[in-house]
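Student: sharing a model prediction with you, sequence too.
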Amino acid sequence: MNTETQPSSPRERFYRRERRSVPAARAFAREALAEWGVRERADDVLLCVSELATNALVHGVPPGRGFLLRLVRCGGGVRVEVHDSGEGVPAIPQAETREPGESGRGLLLVSELADKWGVGERDPGKVVWFEVEGV
């Protein structure tokens, strides 16, 4: 079995709807990346984890619920998924409709730093994911 093309065992953890979940998710991702020996682009992965975790808490996690962070090392890359039970599909605001301020920048950062990203269906909710290659 060639470990370069086979996925590793996923690392996943559930977080409640609370502020400390974002830094906890980032620390968990940092730990997984270190275990896998990922150094190249680790900061990009961690920033994207922070952005998606924040988006899940602000927009995707109804009261009393939480989100699942899942990381998988596969070949020369890492896939990160944030599962939440909220409705709606996140999208990058168009430049002409974007208001000044902080809102909407998270997915813009993810789209710039990740090699691929997207949204998948889940019942209930959605999975927002990204992939980073060459790590």
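Tutor: That came through, no problem.

Student: I'd like to know which elements the host helix or strand of residue 48 is packed against.
Tutor: Following DSSP states H and E, one finds residue 48 within helix 42-55. Applying 3 or more C-beta pairs under 8 Å, 6 or more residues apart in numbering; DSSP states H and E, one finds that helix 42-55 makes contact with helix 21-35, strand 66-74, strand 77-84, helix 105-113, strand 126-133. C-beta: built from backbone N, CA, C; applies to glycine.

Student: got TSV for these, with mean pLDDT and mean neighbour count too?
Tutor: Rendered in TSV, the data for these read as follows (pLDDT from 0 to 100; neighbours: other C-beta atoms under 10 Å):
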stretch	mean pLDDT	mean neighbour count
helix 21-35	97	18
strand 66-74	96	20
strand 77-84	97	23
helix 105-113	93	17
strand 126-133	97	20
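
Student: hmm, back to that, what about the helix holding residue 48, average pLDDT?
Tutor: For helix 42-55, mean pLDDT is 97.

Student: may I see the buried residues of that helix?
Tutor: 42, 44-55 (16 or more other C-beta atoms under 10 Å).

Student: any idea which of those is the one closest to residue 79?
Tutor: Distance to residue 79, by C-beta to C-beta, is smallest for residue 45 among the buried residues of helix 42-55, at 10.1 Å.

Student: and residue 72, what does it touch?
Tutor: Residue 72 makes contact with 7-8, 10-11, 78-81, according to C-beta atoms under 8 Å, 6 or more residues apart in numbering.

Student: now these in a markdown table, with distance to residue 32?
Tutor: Below are the contacts of residue 72 laid out as a markdown table (distance: C-beta to C-beta, whole Å):
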| residue | distance to residue 32 |
| --- | --- |
| 7 | 13 |
| 8 | 9 |
| 10 | 9 |
| 11 | 4 |
| 78 | 9 |
| 79 | 12 |
| 80 | 9 |
| 81 | 13 |
